[in-house]
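Trainee: sequence isn't available, so here's the structure alone:
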Ligand code: NAI
């Protein structure tokens, strides 16, 4: 089986060389096609950070094993790491955080074992990076949470949890505040949970999770979250087990999967052969298991754990009173420990499975649409307007444009209602939301909305607008605070 390998920037080539040396010593049955991604590709003028040949190879091969890559600053280009995850729809970011002997933490010293798997949605949320300045004072980020996208990652998490023999699967969210976005994610979680009655599933508000992870991390097993919350919680978990240097990361999609270390290119130590290859090696081991190479994965993992247990370390961790090994020596030490069994976390050496086929050719983009759709009506519109006037003045002007079809329901500022009721103690910024609903409760047409838009634009700059939809008898929009 052939996979694409991108060595990356900074310490990338050094740690990749160490990992592939370990793979070769373990006779991992893989061939490598080296592809060009990262800094020098940006520098050559490829704005997505990868050559067309690299893109072609990765789409053909279906697996990318990559080192960290630098995003050039000040050039307006987007991170190639994020571009790769999004372009190839690797919707689930799986990160495993386990207590490792030889890596001292507050919890390992207290004898509290940690084994947490975070499954983070990897495509949606604010990571769409769809942002606009609505006025010179007001920035807006769009947060997309979709039903098909949520179902994809949640189904993956449940299936993975089942295979792992999980004690508990938990959905973390903020649905108490973001009732539609996080609410949709949570609803999908409960829907999927019904298909796995043997798994103990529950949900928790993400801030409560953060506190409990620090106080009693041993209570958690698999946790599934939306993108931004998952990003923050995964780094918190990395801290619980010794830092980013010990946290593998797999980005899983239906066609393409990307395995990488989560740390960066460490420019401060690049080229010195002193970087710690553990995180990339652990990601490589995850990749071997993903592909079905169980035997080599276990042999390498046991050797790594044994090496750590011996107190052998690179300069960034471990006992400061013993001399650190450099990157190549650390790799050699692991190779020397093939066949040894660690005291803690030893993996059974099981036979390889039939290798999972990697990418199969797609000829068109897949459309993900829910099977059943409710009948939908337009019930009103939110028009976001720029103004530094007082709410009463704005309401008077807006009412002049409501005509016979619309009723001005509410005016809010930063999500807090300031008209018809509100408080003079609410601070204002120069951007309001004027909410208009159908006057007689009858469905509206887009043309009605456009008529209102044109009329209101005589008085205000309209920065943005959102239709107010209803389906299944329910409002498909949130209410302003105090509305
Ligand atoms: P960083 O993770 O590269 O470095 C933070 C600190 O950790 C540094 O002191 C570094 O020496 C140390 N460190 C990181 N990995 C290490 C390892 N394997 N062994 C020993 N020490 C290690 O984070 P930073 O400095 O914020 O980012 C540097 C560059 O990396 C930036 O250009 C950034 O865009 C890129 N980056 C790439 C990522 C990726 O490819 N997935 C992820 C994060 C950052």
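Mentor: In hand now; what should we look at? The structure displayed is predicted, hence computed values, not measured ones. Numbering: from 1, shown residues only.

Trainee: now do the same for whatever residue of the stretch 251-400 of the chain ends up closest to the ligand: helix, strand or coil?
Mentor: The ligand sits closest to residue 264 of the stretch 251-400 of the chain, with a gap of 2.5 Å, by CB to the nearest ligand atom. Quick note: C-beta positions are derived from backbone N, CA and C, even for glycine. At residue 264 the chain is in coil, as set by DSSP: H, G, I helix; E, B strand; the rest coil.

Trainee: could you pull up the residues touching it?
Mentor: By CB atoms under 8 Å, 6 or more residues apart in numbering, the contact set of residue 264 is 10, 68, 70.

Trainee: can you pick the most crowded of these?
Mentor: residue 68 (25 neighbours; other CB atoms under 10 Å).

Trainee: one step back: distance of the residue of the stretch 251-400 of the chain closest to the ligand from residue 448?
Mentor: 51 Å (CB to CB, to the nearest Å).

Trainee: likewise residue 136?
Mentor: 31 Å.

Trainee: now the contacts of residue 264 in a markdown table, please, with extra columns for pLDDT, secondary structure and distance to residue 268.
Mentor: As requested, those are arranged in a markdown table below (pLDDT from 0 to 100; DSSP: H, G, I helix; E, B strand; the rest coil; distance: CB to CB, whole Å):
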| residue | pLDDT | secondary structure | distance to residue 268 |
| --- | --- | --- | --- |
| 10 | 96 | coil | 9 |
| 68 | 94 | coil | 13 |
| 70 | 92 | coil | 13 |
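
Trainee: which of these come close to the ligand?
Mentor: 68, 70 (CB under 6 Å from any ligand atom).

Trainee: roughly how far is the host helix or strand of residue 379 from the heart of the chain?
Mentor: Per DSSP states H and E: residue 379 is located in strand 376-386. With CA atoms, centre = their mean, to the nearest Å as the basis, strand 376-386 stands 30 Å off its chain's centre.

Trainee: helices and strands around that strand, which ones?
Mentor: If you count contacts as 3 or more CB pairs under 8 Å, 6 or more residues apart in numbering; DSSP states H and E, strand 376-386 packs onto strand 131-135, strand 431-438, helix 446-456, strand 461-471.

Trainee: give me that answer again for 6 Å
Mentor: Secondary-structure packing of strand 376-386 (3 or more CB pairs under 6 Å, 6 or more residues apart in numbering; DSSP states H and E): strand 431-438, strand 461-471.

Trainee: would you mind finding the most buried of these?
Mentor: strand 431-438 (a mean of 23; mean count of other CB atoms under 10 Å).

Trainee: tell me the angle that one makes with helix 446-456.
Mentor: 140 degrees (axes from the mean of the first three to the mean of the last three CA atoms, to 10 degrees).

Trainee: contacting residues around strand 431-438?
Mentor: Strand 431-438 has contacts (CB atoms under 6 Å, 6 or more residues apart in numbering) with 134-135, 138, 379-387, 394, 398, 406-413, 444.

Trainee: report the buried members of the residues you listed.
Mentor: Buried members of these, scored by 16 or more other CB atoms under 10 Å, are 134-135, 138, 379-387, 394, 398, 406, 408-413, 444.

Trainee: residue 223 belongs to a helix, doesn't it?
Mentor: No. Under the criterion used here (three-state DSSP), residue 223 is strand, not part of a helix.

Trainee: what sits against it?
Mentor: 118, 170, 172.

Trainee: point out the residues in the protein that sit beside the ligand.
Mentor: Neighbours of the ligand within the chain, by CB under 6 Å from any ligand atom: 11, 15, 68-71, 81, 245, 260, 263-269, 275-276, 316.

Trainee: got a pLDDT number for the closest residue in space to residue 10 that isn't next to it in sequence?
Mentor: What sits nearest to residue 10 in space, not counting adjacent residues and going by CB to CB, 6 or more residues apart in numbering, is residue 265, at 2.7 Å. In the prediction, the pLDDT value recorded for residue 265 is 94.

Trainee: thought residue 265 was touching residue 70?
Mentor: Yes. In this structure residue 265 lies within contact range of residue 70 using CB atoms under 6 Å: 5.0 Å.

Trainee: if I look at these two, which residues touch both of them?
Mentor: Residues touching both residue 265 and residue 70 by CB under 6 Å, 6+ apart: residue 9.

Trainee: buried stuff in stretch 55-70?
Mentor: For stretch 55-70, by 16+ other CB under 10 Å, it's 55, 57-59, 61-70.

Trainee: can you pick out the most distant pair from these?
Mentor: Farthest-apart pair in the buried residues of stretch 55-70 is 62 and 70; separation 25.3 Å (CB to CB).

Trainee: pretty sure residue 178 sits in a strand.
Mentor: No. Read with three-state DSSP, residue 178 is coil and lies in no strand.

Trainee: relative to the strand or helix carrying residue 64, what are the paired strands and their orientations?
Mentor: Using DSSP H and E, residue 64 sits within strand 63-66. Here strand 63-66 is paired, per DSSP bridges, with strand 2-6 (parallel), strand 257-261 (parallel).

Trainee: after the first one, which helix or strand is next?
Mentor: Next helix or strand after strand 2-6 toward the C-terminus (DSSP H and E): helix 12-25.

Trainee: strand 257-261 and that following helix, what's the angle between them?
Mentor: Using the same axes, to 10 degrees: helix 12-25 against strand 257-261 is 110 degrees.

Trainee: helices or strands up against helix 12-25?
Mentor: Applying 3+ CB pairs under 6 Å, 6+ apart, one finds that helix 12-25 contacts helix 278-291, helix 327-336.
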